[in-house]
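could you work out the structure for the sequence below:
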Amino acid sequence: MSHVHASHPDVIKRLKRAEGHLRHVITMIEAREPCLDTARQLAAVESAVTAAKRVLIYNHIDHCLDQDSDDTLAEMKALSKLL
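Residues are numbered from 1 along each chain as shown. So this is what the prediction gives:
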């Protein structure tokens, strides 16, 4: 089953931003740049991935969970562990 959501373009944009930050972190480490600067860039990667994950999960909760299903509570519990 294909899952396409209106939020997917935003998630892709966020992940591409994270990908760019991660490439920059690798370059910084290879260039032996200061650890503090590298850590800041790595934090940007983490933040971008976290933001993408939240958008994806919240959209899934809003649009995909069947509120009448017995499996909904179990899925909500599983999703909450990812936030």
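
which helix or strand contains Ala6?
Following DSSP states H and E, there is no helix or strand that holds Ala6.

measure Glu33 to Leu22 for me?
Separation of Glu33 from Leu22 (C-beta to C-beta, to the nearest Å) stands at 15 Å. For every residue, glycine as well, the C-beta is placed using N, CA and C.

so the two - more neighbours on which side?
More neighbours surround Leu22 than the other of Glu33 and Leu22, with 17 against 14 (other C-beta atoms under 10 Å).

verify the stated contact: the more buried one with Ala44.
No: counting by C-beta atoms under 8 Å, Leu22 does not reach Ala44; the two are 9.1 Å apart.

give the other helices and strands that the helix or strand containing Asp10 contacts.
Taking DSSP H and E as the definition, Asp10 sits inside helix 8-30. Applying 3 or more C-beta pairs under 8 Å, 6 or more residues apart in numbering; DSSP states H and E, we find helix 8-30 packed against helix 35-63.

so how far is the helix it packs on off the chain centroid?
In terms of C-alpha atoms, centre = their mean, to the nearest Å, the centre of helix 35-63 is set 5 Å apart from its chain centre.

between the helix holding Asp10 and helix 35-63, how many degrees?
Following axes from the mean of the first three to the mean of the last three C-alpha atoms, to 10 degrees, one obtains 160 degrees for the angle between helix 8-30 and helix 35-63.

ok, Lys53 touching Leu82?
Yes: using C-beta under 8 Å, Lys53 is in contact with Leu82, at 6.7 Å.

so between these two, which is more surrounded?
Neighbours were counted for Lys53 and for Leu82 using other C-beta under 10 Å; Lys53 has more, 15 against 9.

and that one, what's its pLDDT?
With respect to pLDDT, Lys53 scores 91.

repeat that for the one 3 residues further on.
Leu56 is assigned 87 on the pLDDT scale.
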